[in-house]
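Q: my questions are about this predicted structure, shown below with the sequence.
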Amino acid sequence: MSISGGKTISSAVQAMTFSRRATIVGGLQMGIGVLLAGRMAYITVAENERYQLLSESNRVNLTLVPPRRGWLIDRNGKPIANNKTDFRVDLIPDRMRDKKKTVATLAQLLSLNQEEVDRINKELKQASSFQPVQVATGLDWERFAAVSVRLPDLPGVSPRQGFSRFYPTAEAVGHLVGYVGIASAEDYKAKPDPILVTPGYKIGKAGLEKTFEDHLQGKPGAKRVEVTARGKIVRELDSRPDTPGKALQLTLDIDLQEYAARRLGPESGSVVVLDCKTGDILTMTSMPSFDPNSFSDGIGQTEYGMLRDDDHVPLRDKSLKGLFPPGSTIKPMVGLAFLEAGLSPNDTVNCNGGLRVGNRVFRCWNRRGHGRVDLAKGIYQSCDVYFYYFAQKIGMNPIALMANRLGLGQEFPIPVPSQFYGTVPDPQWKMKKFNKSWQAFDTVNATIGQGYMLANPLQLAVMSARIATGKKLMPNLIMGGKRKPAETLNIDPKHIAYIHDAMNQVVNGGGTAGRARLPLKDVKLAGKTGTAQVVNLDFGRGGRDVAWKFRDHGLFVSFAPVDNPRYASAVVVQHGGGSSSAYPIARDVMTFLYDKEKAMNILTDLEESWGGTIAERMARKLAAYRSNLNAQKNAKEAGNNPDGETGQ
């Protein structure tokens, strides 16, 4: 018996109180037990299928396999862009736990330099949670395996074996073919396809790779693999192979394309060659260029900075987007306009080195003068005074109409992202553009390819091909398909023959490009030189003795053979110092079409004098650029701390 608060509590009362509490607690436990049992029964029976699927998804992973892109091949079936077996490592941002630690670990395992680490960190910040970030590609087996065995400790890391895009001729095709890259968040929003966020999958980002994305991309495969709770692959259960993209055959001759790119050497410019029978583009080269392999693999900041800061503008396609005053290369076209307008080819003018137009004297390139000049001599001696004089008599409109008929100022239906089509000025154009009337000096300037007149190298090649054939040839870039025969330009064949003979004299007679003669017995080249002023002649002649940006552009248009034209070309050398920088390139490129061995011997000697191949010169340039950046960085740090103090 116990006493509490003056009251006596018996053993019987205590026992009854305990029994009541035990009953309540027991009832609660039983109720909870019934609820748990009911829930377990519900899960086991009613939701059995759902949880079985969840369990299976934890055990089995279904992943998409990026498809192999279709090849780009040339007219002879040689690869322009193909695929190579590749070991790669990517990051999936939303699966990563400690991004900084993971990147640091990968940098150690893969021997990444600081620039590559900075790129990865930058892309991780910019990427959406689902967007893969490329760490490295083209890995050897040892480095790939080193990452693979550490996967349980590296969540968000995705090592893959697959295929990557490869461009065998590198810089030679950079502008035209473009490159591939990882899909951006904007790409995914525009087309929310799961394959776009699959590590290793890339889409066309520029050039033909972008234009023909749907044709080249293929269809993804898939595979099911069994994994542990930590994501380690146990075994592959089954797979479905990918369907490769379709091949695309271009009209290019890739050997010629590569030769033209190499033959341009350290110059900035373009080479375009057309087949006079079909209009097929055999080469459309722009240099300097960029290596599309670098862009596809993830270009570093230093390499991109080198390309961006280069005054030769390697990121611009000069064949399609480079607009240049065509200079004297249009004189055969102007000559045709004169003949079609009724001017006799025997009409002459005396050239004493210049011609007064209004209150200004327009100089001929030959200050001593050419003497008595007819149309043929005006072309092969490139006499400016002849064209100054007769252009004022004929007027600008017939010249502008002929320029348009021969392809200047035109945008051609070829599958490229964009092209700049320049200007063929006339009185109506000037009034619309500047609200000013046309003057005699406008005609004089336009007649010799200066003033408002602008063209790109492809247009100049088309002009040359149309003069060569008398037909409205259209440039073509894709093999196959039905094409209508080229229409006639309805130009008097006698006039065409006269211009052919004059252009033949430019190279093989007493003309301005004797050094352009082909080193071949049975093939003669016809052409026309052009020097386009960049600055006023009072500043200097614009040759090699002035700063690069002040030098004249060098141009040359041509076709061969003279008696039965098969190939037409245009060469433009930006700030080359005059036409003498252009026609030796045209000569060697045309030689390559007939005698590859002879042309290669010439190129080998030239490349030795330039300091090696394109890749070798680019590597040295990149090393120098990187060294200069480091020097600037060190100088800046030294300037901030001139006494070498630590600041403590």
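A: Yes, it's here. Residues are numbered from 1 along each chain as shown.

Q: how about the helices of the stretch 301-450 of the chain, start to end?
A: With DSSP state H, counting those that start in this stretch as the criterion, the stretch 301-450 of the chain has helices at 301-309, 318-321, 331-340, 375-380, 384-394, 396-405, 427-434, 440-447.

Q: touching the fourth one from outside, list them.
A: By C-beta atoms under 8 Å, 6 or more residues apart in numbering, the residues outside helix 375-380 that reach it are 331-332, 335, 338-339, 343, 345-347, 370, 383, 386-387, 498-499, 501-503, 505-506, 509-512, 528. Where C-beta positions appear, they are placed from N, C-alpha and C, glycine not excepted.

Q: could you redo the last one with a cut-off of 6 Å?
A: The contact list for helix 375-380, computed with C-beta atoms under 6 Å, 6 or more residues apart in numbering, reads Lys331, Pro332, Gly335, Pro345, Tyr386, Ala502, Gln505, Val506, Gly511.

Q: pLDDT weak spots in the stretch 501-648 of the chain?
A: Across the stretch 501-648 of the chain, residues meeting the criterion (pLDDT under 70) sit at 536-544, 641-648.

Q: could you pull out the helices in it for me?
A: 583-594, 596-610, 614-640.

Q: the longest one: how far from the chain's middle?
A: This means helix 614-640. 25 Å (C-alpha atoms, centre = their mean, to the nearest Å).

Q: please apply the same query to stretch 293-309.
A: 12 Å.

Q: before we move on, the earlier item: tabulate the helices of the stretch 501-648 of the chain (TSV), appending distance to Phe556 and mean neighbour count.
A: Compiled in TSV, these are given as follows (distance: least, C-beta to C-beta, whole Å; neighbours: other C-beta atoms under 10 Å):
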stretch	distance to Phe556	mean neighbour count
helix 583-594	4	24
helix 596-610	17	13
helix 614-640	22	13
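
Q: same list (those) but as TSV, adding distance to Thr105.
A: Shown next, in TSV, are the helices of the stretch 501-648 of the chain (distance: least, C-beta to C-beta, whole Å):
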stretch	distance to Thr105
helix 583-594	51
helix 596-610	43
helix 614-640	26
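
Q: contacting residues for Val571?
A: The neighbourhood of Val571, defined by C-beta under 6 Å, 6+ apart, consists of Val271, Phe556, Ala582, Ile585, Ala586.

Q: identify the residues contacting the fourth one.
A: Remark: with contacts taken as C-beta under 6 Å, 6+ apart, Ile585 is in contact with Arg263, Val571.

Q: measure Ile24 to Ala619 for me?
A: Distance, Ile24 to Ala619, using C-beta to C-beta, to the nearest Å: 85 Å.

Q: and if you look at Ser158?
A: 31 Å.

Q: what does Pro152 give?
A: Taking C-beta to C-beta, one finds Pro152 at 39 Å from Ala619.

Q: what of Val507?
A: Taking C-beta to C-beta, one finds Val507 at 37 Å from Ala619.

Q: also Ser239?
A: Distance, Ser239 to Ala619, using C-beta to C-beta: 40 Å.

Q: circling back: now render the helices of the stretch 301-450 of the chain as JSON lines, adding distance to Leu520.
A: Below are those laid out as JSON lines (distance: least, C-beta to C-beta, whole Å):
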{"stretch": "helix 301-309", "distance to Leu520": "38"}
{"stretch": "helix 318-321", "distance to Leu520": "26"}
{"stretch": "helix 331-340", "distance to Leu520": "23"}
{"stretch": "helix 375-380", "distance to Leu520": "21"}
{"stretch": "helix 384-394", "distance to Leu520": "32"}
{"stretch": "helix 396-405", "distance to Leu520": "32"}
{"stretch": "helix 427-434", "distance to Leu520": "43"}
{"stretch": "helix 440-447", "distance to Leu520": "34"}
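
Q: now render those as TSV, adding mean neighbour count, distance to Pro561 and mean pLDDT.
A: TSV is the format used below for the helices of the stretch 301-450 of the chain (neighbours: other C-beta atoms under 10 Å; distance: least, C-beta to C-beta, whole Å; pLDDT from 0 to 100):
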stretch	mean neighbour count	distance to Pro561	mean pLDDT
helix 301-309	16	39	93
helix 318-321	24	24	97
helix 331-340	25	17	98
helix 375-380	24	18	97
helix 384-394	23	27	97
helix 396-405	21	24	97
helix 427-434	13	37	96
helix 440-447	22	29	96
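
Q: ok, and the closest non-adjacent residue to the one residue sitting closest to the centre of the chain?
A: Residue closest to the average C-alpha location in the chain (C-alpha atoms, centre = their mean): His175, at 2.9 Å. Once flanking residues are discounted, His175 sits nearest to Asp317: 3.8 Å by C-beta to C-beta, 6 or more residues apart in numbering.

Q: check what pLDDT the one you found gets.
A: At Asp317, the predicted lDDT confidence score is 97.

Q: doesn't Thr285 make contact with it?
A: No. With contact defined as C-beta atoms under 6 Å, Asp317 does not reach Thr285; the gap is 9.9 Å.

Q: between these two, which is the more surrounded one?
A: Thr285 (32 against 27; other C-beta atoms under 10 Å).

Q: which SS state does that one fall under?
A: strand (DSSP: H, G, I helix; E, B strand; the rest coil).

Q: residue contacts, it?
A: Going by C-beta under 6 Å, 6+ apart, Thr285 touches Gln257, Ala260, Ala261, Val271.

Q: cool, Phe441 as well?
A: Contacts of Phe441 by C-beta under 6 Å, 6+ apart are Val357.

Q: the one 5 residues further on too?
A: Contacts for Ala446 (C-beta under 6 Å, 6+ apart) come out as Pro425, Met453.

Q: now it: how far from Gly327?
A: In this view, Ala446 and Gly327 are 12 Å apart by C-beta to C-beta.

Q: closest to His575 among the contacts of helix 375-380?
A: Top of the list for closeness to His575, among the contacts of helix 375-380 and by C-beta to C-beta, is Lys331 at 21.8 Å.

Q: for that closest one, give its distance to Thr529.
A: Between Lys331 and Thr529 the computed distance is 9 Å (C-beta to C-beta).

Q: with Arg165 instead?
A: From Arg165 to Thr529 the distance is 40 Å (C-beta to C-beta).

Q: residues in contact with the closest residue to Leu307 other than its chain neighbours?
A: Nearest residue to Leu307, sequence neighbours excluded (C-beta to C-beta, 6+ apart): Pro314, at 5.1 Å. Pro314 makes contact with Pro288, Ser289, Phe290, Leu307, according to C-beta under 6 Å, 6+ apart.

Q: which among those residues gets closest to Leu64?
A: Phe290 (30.4 Å).

Q: what sits against the closest one?
A: Gly174, Leu307, Pro314.

Q: which residue packs closest to it, ignoring adjacent ones?
A: Gly174 (4.7 Å).

Q: from Gln505, how far out is Arg368?
A: Arg368 is 20 Å from Gln505, by C-beta to C-beta.

Q: between these two, who's got more neighbours?
A: Neighbours were counted for Arg368 and for Gln505 using other C-beta under 10 Å; Gln505 has more, 19 against 9.

Q: wait, that one sits on Gly511?
A: Yes. At 5.0 Å, Gln505 and Gly511 qualify as touching, with contact defined as C-beta under 6 Å.

Q: could I get the CA-only coordinates of stretch 569-581 as CSV?
A: In CSV, the C-alpha atoms belonging to stretch 569-581 read as follows (Å, rounded to 0.1, in the frame of the first residue of the first chain):
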residue,chain,number,x,y,z
SER,A,569,38.8,30.2,-112.3
ALA,A,570,39.1,33.3,-110.2
VAL,A,571,41.9,34.0,-107.7
VAL,A,572,41.7,36.9,-105.3
VAL,A,573,44.6,37.8,-102.9
GLN,A,574,43.6,40.3,-100.3
HIS,A,575,46.2,43.0,-99.9
GLY,A,576,48.5,40.9,-102.1
GLY,A,577,50.2,44.0,-103.6
GLY,A,578,48.8,43.6,-107.1
SER,A,579,47.9,41.0,-109.7
SER,A,580,51.4,39.5,-109.6
SER,A,581,50.3,37.9,-106.3
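
Q: brilliant, that's me finished.
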